[in-house]
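Asks: everything below, folded, please.
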Amino acid sequence: MIFPETSAENPTGAPLCSAKGCRAAAVWVLAWNNPKLHTPERRKTWLACDEHREHLSSFLGVRGFLKEVVALKDWGDGDGKETEA
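Replies: Residues are numbered from 1 along each chain as shown. Predicted structure coming up:
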């Protein structure tokens, strides 16, 4: 499985949550796009643990950036969702 390139990793190599200061393992991929900067098909990604999923989703959602939330284990399963972070 390919993880988003900008994700921080813990010493075991597992991706970490993107929330500031959080060192928990990532469980979710939040795919987003800023329509003022990116083409419609472009997807940037943030990772989230269970605790921060709603907060990060809300942050992106109120700005109209959030496109989808996918379980990390399902991200990139041959669906073409592996994109540059």
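Asks: so the spatially most central residue of the chain bridges to which residues?
Replies: Geometric centre of the chain, nearest residue: W46, 2.7 Å, by CA atoms, centre = their mean. Assessed by DSSP bridges, W46 has beta-bridge partners L30.
Asks: can you pull the contacts of it?
Replies: Shown in contact with W46 (CB atoms under 8 Å, 6 or more residues apart in numbering): 18, 29-30, 32, 56, 60. For every residue, glycine as well, the C-beta is placed using N, CA and C.
Asks: can you redo these as TSV with neighbour count?
Replies: Listed next are those as TSV, based on neighbours: other CB atoms under 10 Å:
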residue	neighbour count
S18	22
V29	27
L30	26
W32	23
L56	22
L60	20
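Asks: would you point out the most distant pair within these?
Replies: V29 and L60 (12.0 Å; CB to CB).
Asks: and the strands in the chain?
Replies: 28-32, 44-48, 66-71 (DSSP state E).
Asks: closest one to H38 among the ones you listed?
Replies: It is, among the strands of the chain and with distance given as CB to CB, strand 44-48, at 7.1 Å.
Asks: any regions of this structure where pLDDT drops low?
Replies: 1-12, 77-85 (pLDDT under 70).
Asks: for the nearest residue to A31 once chain neighbours are set aside, the count of nearby residues, please.
Replies: Nearest in space to A31, with sequence neighbours left out and distances taken as CB to CB, 6 or more residues apart in numbering, is R43 at 4.4 Å. Neighbourhood size, R43 [other CB atoms under 10 Å]: 20.
Asks: S58 now?
Replies: If you count neighbours by other CB under 10 Å, S58 ends up with 11.
Asks: and what of C17?
Replies: 24.
Asks: not counting its neighbours along the chain, what's nearest it?
Replies: C49 is the one closest to C17 (CB to CB, 6+ apart), at 4.0 Å.
Asks: hmm, the one you found is touching L30, no?
Replies: No: counting by CB atoms under 8 Å, C49 does not reach L30; the two are 11.5 Å apart.
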